[in-house]
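Participant: When you get a sec, could you give me coordinates for this:
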Amino acid sequence: MWRAIKSVLAAFLGVQKEERRREDFESERPGTFIAAGVIMGVVFVLLVAFVAVMASR
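Facilitator: I've put the predicted structure just below:
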């Protein structure tokens, strides 16, 4: 799961190498990456919402 999280974070930031992406998808189950992506997306949205609320005070 940690490898999937690192891969999703790299993809979010746009620094994922094509070779690494292929390697990840050949070695892990797709569900792991989907779950990690959904979790990281929710965390990102919550973080942005938190920053927006704090900035408006």
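Participant: C-alpha only now, for contacts and for neighbours.
Facilitator: Fine.
Participant: tell me which helix or strand of the chain sits lowest on mean pLDDT?
Facilitator: Ranked by mean pLDDT, DSSP states H and E, the weakest helix or strand in the chain is helix 18-27, scoring a mean of 82.
Participant: Dump it to PDB, restricted to CA.
Facilitator: What follows is helix 18-27 as a C-alpha-only set of coordinates in PDB (Å, rounded to 0.1, in the frame of the first residue of the first chain):
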ATOM      1  CA  GLU A  18       6.700   6.500 -17.400                       C
ATOM      2  CA  GLU A  19       8.900   3.500 -16.500                       C
ATOM      3  CA  ARG A  20       7.900   3.700 -12.900                       C
ATOM      4  CA  ARG A  21       4.200   4.000 -13.800                       C
ATOM      5  CA  ARG A  22       4.400   0.900 -16.000                       C
ATOM      6  CA  GLU A  23       6.300  -1.000 -13.300                       C
ATOM      7  CA  ASP A  24       3.700  -0.100 -10.600                       C
ATOM      8  CA  PHE A  25       0.700  -1.100 -12.700                       C
ATOM      9  CA  GLU A  26       2.400  -4.500 -13.600                       C
ATOM     10  CA  SER A  27       3.200  -5.300 -10.000                       C
END
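Participant: Can you mark which positions in that helix are buried?
Facilitator: For helix 18-27, a neighbour-count test (16 or more other Cα atoms under 10 Å) marks Asp24 as buried.
Participant: packing partners for that helix?
Facilitator: helix 2-13 (3 or more Cα pairs under 8 Å, 6 or more residues apart in numbering; DSSP states H and E).
Participant: just checking, what packs against the helix it packs on?
Facilitator: For helix 2-13, the packing partners by 3+ Cα pairs under 8 Å, 6+ apart come out as helix 18-27, helix 30-55.
Participant: could you list every residue that touches the spatially most central residue of the chain?
Facilitator: Centroid-nearest residue in the chain, with Cα atoms, centre = their mean: Val8, separated by 3.5 Å. Residues near Val8 by Cα atoms under 8 Å, 6 or more residues apart in numbering: 33, 36-37, 40.
Participant: who wins for neighbours among these?
Facilitator: Counting neighbours by other Cα atoms under 10 Å, Ala36 comes out on top of those with 21 neighbours.
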